[in-house]
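K.L.:
Let me see the structure of the following:
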Amino acid sequence: MVKLKLKASSLIEVIVSSIILLIVFVISMDTLMRLSITKNNIEDTVQMEMDIRECIKKEHFDEENIRYEWGEINILQKNIGNNLAHITYYIKMNHQQKKIDFEKIIIRKDKY
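P.N.:
Residues are numbered from 1 along each chain as shown. Just a heads-up that it's a prediction; the model follows:
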């Protein structure tokens, strides 16, 4: 049987390694925050939410691409049954890398 000898770390080594880990963590969090902060206007965000809600609530569903000042909404429709349709909304903002996907299943009234 082989006996492994482990060398104990001194208190100074532990403190130095902890400080190095803390510095790396702070730098990575700072970089993450700088990358995630965007320069969007609060009015554009409110307008975007209103346009998305209006688009989702409307009763007439066609496959289309709607452009707005803040970005665009792509609507795709797939029939999944006699009266059912699966509708997917792909929302993309202009100056951000954010993408929002919204899906819903509806009962088609025009199929009755």
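K.L.:
Tell me, how many residues neighbour V24?
P.N.:
Neighbourhood size, V24 [other CB atoms under 10 Å]: 10. The way it works is simple: take the backbone N, C-alpha and C, and place the C-beta from them, glycine included.
K.L.:
On the three-state scheme, it is what?
P.N.:
helix (DSSP: H, G, I helix; E, B strand; the rest coil).
K.L.:
Need the per-residue pLDDT for it.
P.N.:
V24 carries a pLDDT value of 97.
K.L.:
wait, K104 sits on A85?
P.N.:
No - look at K104 against A85 with CB atoms under 8 Å: they stay out of range, at 9.1 Å.
K.L.:
higher neighbour count, these two?
P.N.:
The neighbour comparison of K104 against A85 (other CB under 10 Å) goes to A85, with 16 against 11.
K.L.:
does that one have beta-bridge partners, and which?
P.N.:
Here A85 sits in beta bridges with N79, I106, going by DSSP bridges.
K.L.:
what's the distance between the helix or strand of the chain with the lowest mean pLDDT and the middle of its chain?
P.N.:
Ranked by mean pLDDT, DSSP states H and E, the weakest helix or strand in the chain is helix 42-57, scoring a mean of 84. The chain centroid and the centroid of helix 42-57 are separated by 16 Å, computed with CA atoms, centre = their mean, to the nearest Å.
K.L.:
Who are the packing partners of that helix?
P.N.:
Where contact means 3 or more CB pairs under 8 Å, 6 or more residues apart in numbering; DSSP states H and E, helix 42-57 is packed against strand 71-79, strand 84-93, strand 99-107.
K.L.:
Can you give me the buried ones in the second one?
P.N.:
Looking back up the chat, that one is strand 84-93. Within strand 84-93, the residues that count as buried by 16 or more other CB atoms under 10 Å are 85, 87, 89, 91, 93.
K.L.:
Are we agreed that K3 is in a strand?
P.N.:
No - counting by three-state DSSP, K3 falls outside a strand, being coil.
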